[in-house]
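J.: pasting the sequence and the predicted coordinates here, then a few questions.
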Amino acid sequence: MGKRHAVATSQPLATLAGMEMLMSGGNAVDAAIATAIALTVVEPTSNGIGSDAFALVWDGKLHGLNASGKSPQNLTLKNFAGMNEIPPHGWLPVTVPGAISAWRTLWERWGKLPFSQLFAPAIRYAEEGFPVSPVTATSWQKSAEIFLPLQGVEFAAFKSVFFPKNRAPKAGEIWGSQLHGKTLREIAESGGESFYRGRIADAIANFASDTGGFFSKDDLAMHQADWVEPISTNYRHLTVWEIPPNTQGIAALIALNILEGCNISQYPRESGESYHLQIEAMKLAFADTHRHVSDSRFMEITLDELLDKKYAQQRQQLISQEAISLAEPGLPQGGTVYLATADEELMVSFIQSNYAGFGSGILIPDTGIALQNRGLGFTLKSDHPNQFAPGKRSFHTIIPGFITQDSKPLGPFGVMGGPIQPQGHLQVIVNLADYDMNPQAALDAYRWKFIHGNLVHLEENVSRDIALNLSERGHDIQIISDRGDFGKGQIILRQDNVLVAASESRGDGLALAG
């Protein structure tokens, strides 16, 4: 808790990077950018210089930023001929990285410190090395099984940087990357221009040309982060805000609308009834989201239709005492970092991601830039608004959240981890609004995770009685011992002029306030 400022991230060294900016006279936006840059180094299993990003910023009004990149203009549906799904590695799933445009755009509007100063902690961690934190080490070791067997010249630089000893680093082992430091210095000194229109852009386009990729310099030069109007719904006494499509944030809002009429607080937090109602609302929300959400330019129905309260009431009527089976939502697991910052005037909800762990497995030689595989968010199905097309933004899993009450800011929150993200948002809001939990408890509370059909994962600490109750209702219950399967989140809420910051126990994260 603190009165002046707070930072909460998924990695302690990144949190310290944010606090370093605040203690140097910077504001919450400076802190958010510095932590985001630091996370590209200290948590590369989830994000990197080649990631996408989204943000919500409160400065007296809530502003949304969509910095997600588009698919290459030279990549067409013909390149996917004979495929049912987009492959996870190589050039086919790579889209233009947008994270750097997010850093620059946020700084131009609100930054207080010099842009280059925000890079200092990340460069220090990269050049001097840092001890790999436990959860990151576990993800890194799992990734070795995926990336080390990859064959092809396009994967060689990636493996040499992230698996220099032909293995993943262990928890506590020092890892660093001079290439990351060099590239971050160039981005800092050029204000990001080198990445999209300069020497780095040339390196990306040339490597693509040499190894069967599809990027051109025009793809990078045409990229820009877009200001968007946040979307929201009222749930109990709270107003919950999300970034509009192409993200899945709307799924959390749809589920909250459906759940609103269920009077869930009449049931104990740890009860089969409470879990069942939340799961069913999420199923219905995912069914709509997966069918309709895409790049907003391609959507066939409006956001107002999806968020209509009367429509939610109709959907709620589908919920009974028994589990209902719906089509798979088709939202694969992702690798993401979420962070929240606040000061006396600004509050920031920021999320950044490679998508699936380390991303595509392609690293631009001599740069440390690992490219995301966000193109996996597209579908190859015809007559679908989210079907792949050149120059298009894919369906995005990463979603920063924000809460207000009576038009006043409470603060930023988020839960990372592919399809768990809107489910995590729903569960955190229910914990706050229906069960009056404090921010730390709202994050740490046991979670469920809807997978597809009637398959539901429960954390192993969920009581046996709840698992049996859900099974009797027709849910296919699996108990999962890996807590990382249920996301990792942060939150900062302003309560009685005190900033309450939390980072949940499922990750390596740290919350600090002053």
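T.: Yes, it's here.
J.: show residues contacting stretch 305-320.
T.: Applying C-beta atoms under 8 Å, 6 or more residues apart in numbering, the contact partners of stretch 305-320 are 231, 233, 250, 253-254, 257-262, 277, 280-281, 284, 288, 292, 324. For the C-beta atoms, the positions are set from N, CA and C on the backbone; glycine is no exception.
J.: okay, how far is it across that stretch, tip to tip?
T.: Its first and final residues considered, stretch 305-320 spans 24 Å by C-alpha to C-alpha, to the nearest Å.
J.: what segments of the stretch 151-300 of the chain are strands?
T.: 174-175, 226-228, 231-235, 238-242 (DSSP state E, counting those that start in this stretch).
J.: most tightly packed of the ones you listed?
T.: Among those, judged by mean count of other C-beta atoms under 10 Å, the one packed with the most neighbours on average is strand 238-242 (a mean of 22).
J.: alpha carbons only: can I get stretch 89-96 in CSV?
T.: What follows is stretch 89-96 as a C-alpha-only set of coordinates in CSV (Å, rounded to 0.1, in the frame of the first residue of the first chain):
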residue,chain,number,x,y,z
HIS,A,89,6.5,-21.7,-35.8
GLY,A,90,8.3,-20.2,-38.8
TRP,A,91,7.3,-17.2,-40.9
LEU,A,92,3.6,-18.1,-41.5
PRO,A,93,2.3,-16.9,-38.1
VAL,A,94,4.4,-13.8,-37.8
THR,A,95,2.7,-10.4,-37.8
VAL,A,96,4.2,-6.9,-37.5
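J.: one step back: which one, of the strands of the stretch 151-300 of the chain, ends up nearest to G509?
T.: Each of the strands of the stretch 151-300 of the chain was scored for nearness to G509 using C-beta to C-beta, and the closest is strand 174-175 (18.6 Å).
J.: G129: which of the strands of the stretch 151-300 of the chain is closest?
T.: Comparing the strands of the stretch 151-300 of the chain by C-beta to C-beta, strand 174-175 comes nearest, at 4.3 Å.
J.: could you pull up phi and psi at the residue most central in space within the chain?
T.: Ranked by distance to the mean C-alpha position of the chain (C-alpha atoms, centre = their mean), the top residue is I398 at 3.2 Å. The phi/psi pair for I398 (degrees, to the nearest 10) reads phi -80, psi 130.
J.: returning to that earlier point: including distance to G48 and mean pLDDT, could the strands of the stretch 151-300 of the chain go into JSON lines?
T.: What follows is the strands of the stretch 151-300 of the chain, written out as JSON lines (distance: least, C-beta to C-beta, whole Å; pLDDT from 0 to 100):
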{"stretch": "strand 174-175", "distance to G48": "14", "mean pLDDT": "97"}
{"stretch": "strand 226-228", "distance to G48": "22", "mean pLDDT": "97"}
{"stretch": "strand 231-235", "distance to G48": "28", "mean pLDDT": "97"}
{"stretch": "strand 238-242", "distance to G48": "24", "mean pLDDT": "97"}
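J.: reformat those strands as CSV; add distance to E472.
T.: Putting the strands of the stretch 151-300 of the chain into CSV (distance: least, C-beta to C-beta, whole Å) gives the following:
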stretch, distance to E472
strand 174-175, 48
strand 226-228, 44
strand 231-235, 28
strand 238-242, 31
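J.: looking at those strands, which is nearest to S139?
T.: Proximity to S139, assessed across these by C-beta to C-beta, is greatest for strand 174-175 (13.1 Å).
J.: ok, the closest one: who's next to it in the sheet?
T.: Partners of strand 174-175 in the sheet, by DSSP bridges, are strand 130-131 (antiparallel).
J.: mean confidence score for the strand it pairs with?
T.: Over the span of strand 130-131, the pLDDT mean works out to 98.
J.: helix, strand or coil for G60?
T.: Reducing the assignment at G60 to three states with DSSP: H, G, I helix; E, B strand; the rest coil gives coil.
J.: check what pLDDT it gets.
T.: 96.
J.: Q478: what's it in contact with?
T.: Residues touching Q478, when contacts are defined by C-beta under 8 Å, 6+ apart, comprise L455, V456, H457, L458.
J.: now the lengthiest helix in the chain: average pLDDT?
T.: Of all the segments assigned as helix in the chain under DSSP state H, the longest by residue count is helix 272-292. The pLDDT scores in helix 272-292 average 93.
J.: helices or strands up against that helix?
T.: Secondary structure elements in contact with helix 272-292, counted by 3 or more C-beta pairs under 8 Å, 6 or more residues apart in numbering; DSSP states H and E, are helix 249-260, helix 420-433, strand 448-452, helix 464-472.
J.: before we move on, the earlier item: any of the contacts of stretch 305-320 buried? List them.
T.: 231, 233, 250, 253-254, 257-260, 262, 277, 280-281, 284, 288, 292 (16 or more other C-beta atoms under 10 Å).
J.: next, count neighbours for N431.
T.: If you count neighbours by other C-beta atoms under 10 Å, N431 ends up with 20.
J.: the closest residue to it other than its chain neighbours: neighbouring residues, count only.
T.: Counting by C-beta to C-beta, 6 or more residues apart in numbering, N431 lies nearest to A442, which is 3.8 Å off, once chain neighbours are set aside. The number of residues packed around A442, counting by other C-beta under 10 Å, is 23.
J.: A442 and D343, how far apart?
T.: In this structure, A442 and D343 are 22 Å apart, going by C-beta to C-beta, to the nearest Å.
J.: so how far is stretch 28-39 from its chain's centroid?
T.: Once both centres are worked out by C-alpha atoms, centre = their mean, to the nearest Å, stretch 28-39 turns out to sit 15 Å from its chain's centre.
J.: hang on, I meant stretch 449-467
T.: With C-alpha atoms, centre = their mean, you get 23 Å for stretch 449-467.
J.: do stretch 166-176 as well
T.: Offset of stretch 166-176 from its chain centre (C-alpha atoms, centre = their mean): 24 Å.
J.: mind putting the contacts of Q478 into JSON lines with pLDDT and neighbour count?
T.: Listed next are those as JSON lines, based on pLDDT from 0 to 100; neighbours: other C-beta atoms under 10 Å:
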{"residue": "L455", "pLDDT": "93", "neighbour count": "14"}
{"residue": "V456", "pLDDT": "95", "neighbour count": "23"}
{"residue": "H457", "pLDDT": "96", "neighbour count": "20"}
{"residue": "L458", "pLDDT": "97", "neighbour count": "21"}
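J.: need the strands for the stretch 301-450 of the chain, in chain order.
T.: Taking DSSP E, counting those that start in this stretch, the strands of the stretch 301-450 of the chain run over residues 335-342, 347-355, 363-364, 369-370, 401-405, 408-416, 448-452.
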